[in-house]
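Fold the following for me, if possible:
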Amino acid sequence: MDKLSTYEVAWLVGGAERAALVTFVALAADGRLDIAYKRQRVKVARTESTYPVEAAALALIQESGIGVTEFLARLAATPEIAGLDAAVRAKGQLRFLRWFSSTYRDLAARPGTGLRRVAVLGIAGIEDVHLREMLEHPLPDMPKIDPVVPVRDNTIDGSIGPSSGTWTAG
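Residues are numbered from 1 along each chain as shown. Down below sits the predicted model:
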(Lines give C-alpha, C1' and ligand atoms only; values in the text may rest on other atoms or scores of the structure.)
Protein backbone atom coordinates (compact mmCIF):
# COMPACT_ATOMS: atom_id res chain seq x y z
CA MET A 1 0.00 0.00 0.00
CA ASP A 2 2.84 2.39 0.81
CA LYS A 3 4.49 1.75 -2.55
CA LEU A 4 1.65 3.54 -4.39
CA SER A 5 1.77 7.31 -4.73
CA THR A 6 -1.28 9.34 -3.75
CA TYR A 7 -2.22 9.85 -7.40
CA GLU A 8 -1.92 6.12 -8.07
CA VAL A 9 -4.12 5.35 -5.05
CA ALA A 10 -6.71 7.81 -6.36
CA TRP A 11 -6.66 6.20 -9.80
CA LEU A 12 -6.89 2.69 -8.33
CA VAL A 13 -9.85 3.55 -6.09
CA GLY A 14 -11.83 6.02 -8.18
CA GLY A 15 -10.39 6.17 -11.68
CA ALA A 16 -9.46 9.23 -13.72
CA GLU A 17 -12.03 11.52 -12.09
CA ARG A 18 -10.70 10.77 -8.59
CA ALA A 19 -7.10 11.31 -9.72
CA ALA A 20 -8.12 14.67 -11.18
CA LEU A 21 -9.87 15.58 -7.93
CA VAL A 22 -6.78 14.72 -5.86
CA THR A 23 -4.58 16.77 -8.19
CA PHE A 24 -6.94 19.74 -7.84
CA VAL A 25 -6.98 19.46 -4.03
CA ALA A 26 -3.17 19.13 -3.91
CA LEU A 27 -2.69 22.26 -6.02
CA ALA A 28 -5.28 24.19 -3.99
CA ALA A 29 -3.81 23.12 -0.64
CA ASP A 30 -0.29 24.16 -1.68
CA GLY A 31 -1.50 27.58 -2.79
CA ARG A 32 -0.60 26.98 -6.43
CA LEU A 33 -4.17 27.81 -7.44
CA ASP A 34 -6.19 30.93 -6.71
CA ILE A 35 -9.80 29.84 -6.19
CA ALA A 36 -12.83 32.10 -6.53
CA TYR A 37 -15.24 30.02 -4.43
CA LYS A 38 -18.46 31.85 -5.34
CA ARG A 39 -17.70 31.85 -9.09
CA GLN A 40 -16.09 28.39 -8.89
CA ARG A 41 -13.16 29.39 -11.06
CA VAL A 42 -9.44 28.81 -10.66
CA LYS A 43 -6.33 30.65 -11.80
CA VAL A 44 -2.68 29.70 -11.51
CA ALA A 45 -0.90 31.35 -8.58
CA ARG A 46 2.44 29.49 -8.84
CA THR A 47 3.64 27.20 -11.63
CA GLU A 48 6.08 24.86 -9.87
CA SER A 49 5.15 21.18 -9.90
CA THR A 50 6.62 17.95 -8.57
CA TYR A 51 4.66 15.38 -10.57
CA PRO A 52 3.79 15.28 -14.29
CA VAL A 53 0.08 15.19 -13.38
CA GLU A 54 0.44 18.53 -11.57
CA ALA A 55 2.31 20.10 -14.50
CA ALA A 56 -0.42 18.94 -16.89
CA ALA A 57 -3.08 20.39 -14.59
CA LEU A 58 -1.39 23.78 -14.41
CA ALA A 59 -0.93 23.81 -18.20
CA LEU A 60 -4.71 23.44 -18.68
CA ILE A 61 -5.52 26.73 -16.97
CA GLN A 62 -5.63 29.79 -19.20
CA GLU A 63 -4.56 33.20 -17.93
CA SER A 64 -8.21 34.24 -17.56
CA GLY A 65 -8.97 31.14 -15.45
CA ILE A 66 -11.24 28.15 -15.90
CA GLY A 67 -14.34 26.77 -14.20
CA VAL A 68 -13.71 24.04 -11.65
CA THR A 69 -15.99 21.42 -13.25
CA GLU A 70 -14.51 22.04 -16.70
CA PHE A 71 -11.00 21.90 -15.24
CA LEU A 72 -11.65 18.55 -13.55
CA ALA A 73 -13.18 17.07 -16.71
CA ARG A 74 -10.28 18.22 -18.90
CA LEU A 75 -7.71 17.03 -16.39
CA ALA A 76 -9.29 13.58 -16.17
CA ALA A 77 -8.89 13.24 -19.94
CA THR A 78 -5.15 14.09 -20.04
CA PRO A 79 -2.51 11.51 -21.01
CA GLU A 80 -0.77 12.04 -17.66
CA ILE A 81 -3.84 10.79 -15.79
CA ALA A 82 -4.19 7.90 -18.25
CA GLY A 83 -0.52 7.10 -17.59
CA LEU A 84 -1.38 6.27 -13.98
CA ASP A 85 -2.85 3.00 -15.30
CA ALA A 86 0.57 1.82 -16.45
CA ALA A 87 2.19 2.94 -13.20
CA VAL A 88 -0.35 1.03 -11.10
CA ARG A 89 -0.05 -2.08 -13.31
CA ALA A 90 3.74 -1.94 -12.98
CA LYS A 91 3.29 -2.13 -9.21
CA GLY A 92 1.13 -5.25 -9.48
CA GLN A 93 -2.35 -3.72 -9.15
CA LEU A 94 -5.20 -4.04 -11.62
CA ARG A 95 -8.01 -1.51 -11.36
CA PHE A 96 -10.73 -3.83 -12.68
CA LEU A 97 -9.82 -6.38 -9.95
CA ARG A 98 -9.41 -3.82 -7.16
CA TRP A 99 -12.23 -5.26 -5.02
CA PHE A 100 -10.28 -8.51 -4.69
CA SER A 101 -7.04 -6.74 -3.80
CA SER A 102 -5.77 -6.65 -0.23
CA THR A 103 -4.37 -3.19 -0.99
CA TYR A 104 -7.85 -1.90 -1.86
CA ARG A 105 -9.36 -3.44 1.26
CA ASP A 106 -6.61 -1.90 3.43
CA LEU A 107 -7.20 1.52 1.86
CA ALA A 108 -10.95 1.29 2.42
CA ALA A 109 -10.47 0.23 6.05
CA ARG A 110 -7.82 2.87 6.82
CA PRO A 111 -8.12 5.84 4.42
CA GLY A 112 -5.45 7.86 6.23
CA THR A 113 -5.24 11.64 6.37
CA GLY A 114 -4.62 14.55 4.03
CA LEU A 115 -4.43 13.81 0.32
CA ARG A 116 -4.42 10.05 0.88
CA ARG A 117 -7.84 10.41 2.55
CA VAL A 118 -9.13 12.42 -0.44
CA ALA A 119 -7.74 9.75 -2.78
CA VAL A 120 -9.68 7.02 -0.97
CA LEU A 121 -12.90 8.81 0.02
CA GLY A 122 -13.24 11.44 -2.70
CA ILE A 123 -14.98 14.74 -1.95
CA ALA A 124 -16.06 13.50 1.49
CA GLY A 125 -12.39 13.25 2.50
CA ILE A 126 -11.57 16.93 1.88
CA GLU A 127 -10.80 18.72 5.14
CA ASP A 128 -11.17 22.31 3.83
CA VAL A 129 -14.85 23.13 4.36
CA HIS A 130 -15.07 25.78 1.60
CA LEU A 131 -13.41 23.55 -0.97
CA ARG A 132 -15.57 20.55 -0.03
CA GLU A 133 -18.81 22.58 -0.22
CA MET A 134 -17.82 24.05 -3.59
CA LEU A 135 -17.22 20.57 -5.02
CA GLU A 136 -20.38 19.11 -3.45
CA HIS A 137 -22.53 21.88 -4.95
CA PRO A 138 -21.18 22.78 -8.41
CA LEU A 139 -22.73 25.63 -10.33
CA PRO A 140 -24.99 24.62 -13.23
CA ASP A 141 -23.52 24.84 -16.71
CA MET A 142 -23.97 28.12 -18.53
CA PRO A 143 -26.69 27.97 -21.19
CA LYS A 144 -25.46 27.55 -24.72
CA ILE A 145 -26.66 30.31 -27.04
CA ASP A 146 -26.91 29.66 -30.75
CA PRO A 147 -24.76 32.34 -32.47
CA VAL A 148 -26.93 32.18 -35.59
CA VAL A 149 -30.24 32.78 -33.78
CA PRO A 150 -29.47 34.70 -30.58
CA VAL A 151 -32.06 35.14 -27.83
CA ARG A 152 -33.42 38.68 -27.74
CA ASP A 153 -35.20 40.17 -24.76
CA ASN A 154 -37.95 42.46 -25.99
CA THR A 155 -40.25 42.35 -23.00
CA ILE A 156 -40.92 44.99 -20.35
CA ASP A 157 -40.02 42.96 -17.27
CA GLY A 158 -36.90 41.23 -18.69
CA SER A 159 -38.36 37.77 -19.12
CA ILE A 160 -37.96 35.96 -22.40
CA GLY A 161 -41.63 35.22 -22.95
CA PRO A 162 -44.55 37.63 -23.03
CA SER A 163 -45.08 39.40 -19.72
CA SER A 164 -48.46 39.58 -17.95
CA GLY A 165 -48.99 43.18 -19.12
CA THR A 166 -48.24 42.47 -22.79
CA TRP A 167 -51.13 42.57 -25.21
CA THR A 168 -51.20 39.79 -27.79
CA ALA A 169 -53.47 39.66 -30.81
CA GLY A 170 -55.88 36.82 -30.41
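
Tell me where this structure has helices.
For the chain, the helices defined by DSSP state H occupy 6-29, 52-60, 68-76, 79-90, 102-109, 114-121, 129-136.

Single out the most deeply packed of those helices.
Highest mean neighbour count of the helices of the chain: helix 6-29, a mean of 23 (counted as mean count of other CB atoms under 10 Å). Heads up, the C-betas are built off the backbone N, CA and C, glycines and all.

what packs against that helix?
With contacts defined as 3 or more CB pairs under 8 Å, 6 or more residues apart in numbering; DSSP states H and E, helix 6-29 has these neighbours: strand 33-36, helix 52-60, helix 68-76, helix 79-90, helix 102-109, helix 114-121, helix 129-136.

Contact partners for the most centrally placed residue in the chain?
With distances taken as CA atoms, centre = their mean, the residue of the chain nearest its centroid is Leu72 (3.0 Å). Counting by CB atoms under 8 Å, 6 or more residues apart in numbering, Leu72 makes contact with 17, 20-21, 24.

change it to 6 Å
For Leu72, the contact set (CB atoms under 6 Å, 6 or more residues apart in numbering) comprises Ala20.

distance of it from Tyr7?
14 Å (CB to CB, to the nearest Å).

re earlier: make TSV out of the helices of the chain and add distance to Arg39.
Formatted as TSV, these follow (distance: least, CB to CB, whole Å):
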stretch	distance to Arg39
helix 6-29	15
helix 52-60	18
helix 68-76	9
helix 79-90	25
helix 102-109	34
helix 114-121	23
helix 129-136	10
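
Among these, single out whichever gets nearest to Val42.
helix 68-76 (6.0 Å; CB to CB).

for the least confident helix or strand in the chain by mean pLDDT, packing partners?
The helix or strand of the chain with the poorest confidence is helix 102-109; it has a mean of 85 (mean pLDDT, DSSP states H and E). Contact partners of helix 102-109 among helices and strands, from 3 or more CB pairs under 6 Å, 6 or more residues apart in numbering; DSSP states H and E: none.

how far out from the middle of the chain is that helix?
Computed by CA atoms, centre = their mean, to the nearest Å, the chain-centroid distance of helix 102-109 equals 24 Å.

Many thanks, we can stop here.
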